[in-house]
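Q: Can you look at this prediction? I've put the sequence above it.
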Amino acid sequence: MDKHPVSHTIRNIDPFYRDSFDIMIQHSQTLIVKWNFPAGILQRTEAVLFEDTQDMVKEISLLMTKGNEKFVYKAHTNLYKAELKFHPAAGDAEYRAEFRVYNSLNVCLKWAETPPVFMKENEVKQVKGFSRFEPCGNWSEQFSAYTSYPTEDKRL
């Protein structure tokens, strides 16, 4: 038997990687969104969207619900591991974040979404940088065609 025992710890980090996407309240007026996406998700995204992830648009959306109104703040990133600070953030509001990837055909894939967090009432009343959130309706209502075909039979 060897006189030098082998250490059972072969690395100082977890033996596997997982996606992480979190939102947290740091202070009474500061929100932090942190993310870490491993290489595996990049390969799967390329396979699904048929495009190199370097060429895709990566977007973080911070969604705020204050009373009956909804607002959104969007930020673009090329980083797969980072954090964003939002300061000042309005109080008496619920926040959640989404990380989405868009290819050149504007096909979207949502990588991650956080559970909502509630920020208590604070001194901040204005929502700077946020715009009113307008959810997309049914695509058939938004669809339009630019080709006009003459009809000979008016009964159509």
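A: Now that the structure is in, tell me what you want to look at. Note that the structure is predicted; figures quoted are calculated from it, not measured.
Q: Quick one: the helices in the chain, in order.
A: Secondary structure of the chain by DSSP state H: the helices cover 39-49, 139-142.
Q: Against which helices or strands is the first one packed?
A: Secondary-structure packing of helix 39-49 (3 or more C-beta pairs under 8 Å, 6 or more residues apart in numbering; DSSP states H and E): strand 108-113. (Glycine included, C-beta is placed from N, CA and C.)
Q: mean confidence for the strand it packs on?
A: For strand 108-113, the mean per-residue pLDDT is 88.
Q: Just the C-alphas of that strand, formatted as CSV.
A: C-alpha atoms of strand 108-113 as CSV (Å, rounded to 0.1, in the frame of the first residue of the first chain):
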residue,chain,number,x,y,z
CYS,A,108,-36.5,33.8,-29.5
LEU,A,109,-35.4,31.2,-26.9
LYS,A,110,-35.8,31.9,-23.2
TRP,A,111,-32.8,30.6,-21.3
ALA,A,112,-34.0,31.4,-17.8
GLU,A,113,-36.5,33.2,-15.7
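Q: Let me know the angle separating it from helix 39-49.
A: Interaxial angle, strand 108-113 versus helix 39-49 (axes from the mean of the first three to the mean of the last three C-alpha atoms, to 10 degrees): 150 degrees.
Q: Identify all contacting residues around strand 108-113.
A: With contact meaning C-beta atoms under 8 Å, 6 or more residues apart in numbering, strand 108-113 is reached by 19, 21, 35, 37, 41, 45, 48-49, 96-102.
Q: what about that strand, distance to the chain center?
A: Put simply, strand 108-113 sits 6 Å off its chain's centre (C-alpha atoms, centre = their mean, to the nearest Å).
Q: Partner strands of it, with direction?
A: Take DSSP bridges as the rule and strand 108-113 pairs in its sheet with strand 93-102 (antiparallel).
Q: Compute the first-to-last residue distance for stretch 21-40.
A: With C-alpha to C-alpha, to the nearest Å as the measure, stretch 21-40 spans 15 Å from end to end.
Q: Where do the strands of the protein begin and end?
A: Using DSSP state E, the strands found in the chain span residues 20-27, 30-36, 57-66, 69-77, 81-86, 93-102, 108-113, 117-119, 131-132.
Q: what's the closest of those strands to Lys125?
A: Closest to Lys125 of the strands of the chain is strand 57-66 (C-beta to C-beta; 9.8 Å).
Q: Would you mark the buried spots in the closest one?
A: Under the neighbour-count criterion of 16 or more other C-beta atoms under 10 Å, strand 57-66 has Lys58, Ile60, Ser61, Leu62, Leu63, Met64, Lys66 buried.
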